[in-house]
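# Structural data only, the sequence is not supplied:
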């Protein structure tokens with residue numbers, strides 16, 4: 001009997017070949033879709049956890065996420081937390097930029113811990129920088145105002161982040177004058193704690209000139225000094241910023257102390273003026289290049305110096 005050799009027979013397309021290919025393509029499509037959905041879910045989780053980090057206020061991240069999830073369909077919150085538009089813009093900005101804030105994480109956390117306790121508050125920041133959107137986002141529903149020396153930079157930043165409040169401030173000092181200025185101020189009665197005027201036509205040279213009245217009329221709960229420039233002789237230096245912050249804090253009327261943060265304390269002038277006007281007795285903590293002072297209102301206005 002003749003048995004045909006299978007190798008000599010013409011190949012026939014097996015009926016299940018196309019089915020198998022279809023299954024493989026279907027499986028590939030499903031895996032691709034799963035990967036995309038997983039990526040989306042991870043991204044949303046990161047965003048929500050970031051919101052939780054910023055707004056937890058002592059709560060656990062899970063409790064904040066639950067409160068966010070419990071918001072009504074109309075956007076209203078049922079006892080939870082509603083993120084502000086400034087916070088959401090900050091999250092989007094820092095999630096999509098390679099430019100990071102000037103301060104490191106440990107330094108930012110120092111101020112963040114205070115903002116968790118006192119926010120919403122009045123927060124005055126010397127300097128408009130890459131961290132400004134972060135500071136405004138960390139003080140939700142509070143007032144955060146930035147003082148900047150460069151009007152062109154103000155325009156650039158406000159075009160990117162129009163929700164920020166930034167004011168131009170002029171400085172009439174130079175870093176090279178720091179030592180002489182300190183000697184003059186020590187002997188100038190108009191610069192003493194009980195006599196210094198912060199409003200229009202101040203007579204003490206270290207008081208910042210030309211600021212709007214609302215800056216001096218407002219009770220500032222927290223002040224961050226991270227400007228102006230102070231790393232070359234012709235720079236304005238932070239002498240006036242430190243002195244003005246100290247005077248604002250000591251002239252506080254409402255109860256409580258003013259939190260003052262000073263950055264770049266490794267530099268000689270910053271350290272020297274901090275010791276003279278912010279007072280080391282008021283220093284409560286520090287990390288890296290950042291010092292934190294808690295300054296009480298002045299009770300003895302006849303004092304000759306800020307730290308006596």
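That came through fine. Since we're looking at a predicted model, the values are computed, not measured. Residues are numbered from 1 along each chain as shown.
# hey, let's count contacts and neighbours off CA atoms from now on
Will do.
# Next up, the contacts around the closest residue to residue 293 other than its chain neighbours.
What sits nearest to residue 293 in space, not counting adjacent residues and going by C-alpha to C-alpha, 6 or more residues apart in numbering, is residue 283, at 4.2 Å. The neighbours of residue 283, taking C-alpha atoms under 8 Å, 6 or more residues apart in numbering as the test, are 291-294.
# how close does residue 283 get to residue 267?
Separation of residue 283 from residue 267 (C-alpha to C-alpha, to the nearest Å): 17 Å.
# any idea how far the residue nearest to residue 293 is from residue 268?
Computed as C-alpha to C-alpha, the residue 283 to residue 268 distance reads 17 Å.
# same thing with residue 136?
Residue 136 is 29 Å from residue 268, where distance means C-alpha to C-alpha.
# Look at residue 246 and tell me its secondary structure.
helix (DSSP: H, G, I helix; E, B strand; the rest coil).
# What count of nearby residues applies to it?
Number of residues near residue 246 (other C-alpha atoms under 10 Å) recorded here: 25.
# What distance do you get for it to residue 114?
18 Å.
# Same check on residue 155?
Using C-alpha to C-alpha, residue 155 is found at 30 Å from residue 114.
# Check residue 197 too.
Counting by C-alpha to C-alpha, the separation of residue 197 from residue 114 is 29 Å.
# go on, residue 104?
Residue 104 sits at a distance of 16 Å from residue 114 (criterion: C-alpha to C-alpha).
# same deal with residue 192?
Distance, residue 192 to residue 114, by C-alpha to C-alpha: 29 Å.
# And residue 298, by the same measure?
22 Å.
# Please apply the same query to residue 154.
Note on residue 154: its distance to residue 114, by C-alpha to C-alpha, is 27 Å.
# quick revisit: Serialize the contacts of residue 283 to TSV and add fields for neighbour count.
Compiled in TSV, those are given as follows (neighbours: other C-alpha atoms under 10 Å):
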residue	neighbour count
291	22
292	24
293	24
294	19
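# The residues you listed in strands, which ones?
291-294 (DSSP state E).
# These into CSV, with extra columns for pLDDT?
As requested, these are arranged in CSV below (pLDDT from 0 to 100):
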residue, pLDDT
291, 98
292, 98
293, 98
294, 98
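# Read off the pLDDT value for residue 102.
With respect to pLDDT, residue 102 scores 86.
# I meant residue 197, not that one.
88.
# That one against residue 203, yeah?
Yes - Residue 197 lies in contact with residue 203 (C-alpha atoms under 8 Å); the separation is 7.0 Å.
# between those two, what contacts are shared?
Shared contacts of residue 197 and residue 203, counting by C-alpha under 8 Å, 6+ apart, come down to residue 190.
# Got phi/psi on the residue nearest the centre of the chain?
Nearest to the mean C-alpha position of the chain, by C-alpha atoms, centre = their mean, lies residue 135 at 2.4 Å. Phi and psi for residue 135, reported as degrees, to the nearest 10, are phi -60, psi -40.
# ok, now residue 297?
The phi and psi values for residue 297, taken as degrees, to the nearest 10, are phi -60, psi 150.
# What of residue 92?
phi -60, psi -40.
# residues touching it, list them.
Neighbours of residue 92 in contact, by C-alpha under 8 Å, 6+ apart: none.
# Could you report the distance from residue 96 to residue 89?
Taking C-alpha to C-alpha as the measure, residue 96 falls 11 Å from residue 89.
# of the two, who's got more company?
Using other C-alpha under 10 Å as the criterion, residue 96 and residue 89 rank with residue 89 on top: 16 against 8.
# Next, the buried residues of the helix or strand that one falls within.
Residue 89 belongs to helix 85-95 when assigned by DSSP states H and E. Using 16 or more other C-alpha atoms under 10 Å as the burial criterion, the residues of helix 85-95 that qualify are 86-87, 89-91, 93-94.
# Show me what the one helix or strand residue 155 maps to packs onto, helices and strands only.
Per DSSP H and E: residue 155 is located in helix 151-160. Helix 151-160 sits against strand 165-168, with contacts defined as 3 or more C-alpha pairs under 8 Å, 6 or more residues apart in numbering; DSSP states H and E.
# Mind doing that once more with 7 Å?
Applying 3 or more C-alpha pairs under 7 Å, 6 or more residues apart in numbering; DSSP states H and E, we find helix 151-160 packed against no helix or strand.
# Off-centre distance for that helix?
17 Å (C-alpha atoms, centre = their mean, to the nearest Å).
# what's around residue 202, how many residues?
There are 16 residues near residue 202, going by other C-alpha under 10 Å.
# swap that for residue 286, please
By other C-alpha under 10 Å, 17 other residues sit near residue 286.
# Report the contact partners of it.
residue 292 (C-alpha atoms under 7 Å, 6 or more residues apart in numbering).
# Alright, calling it a day.
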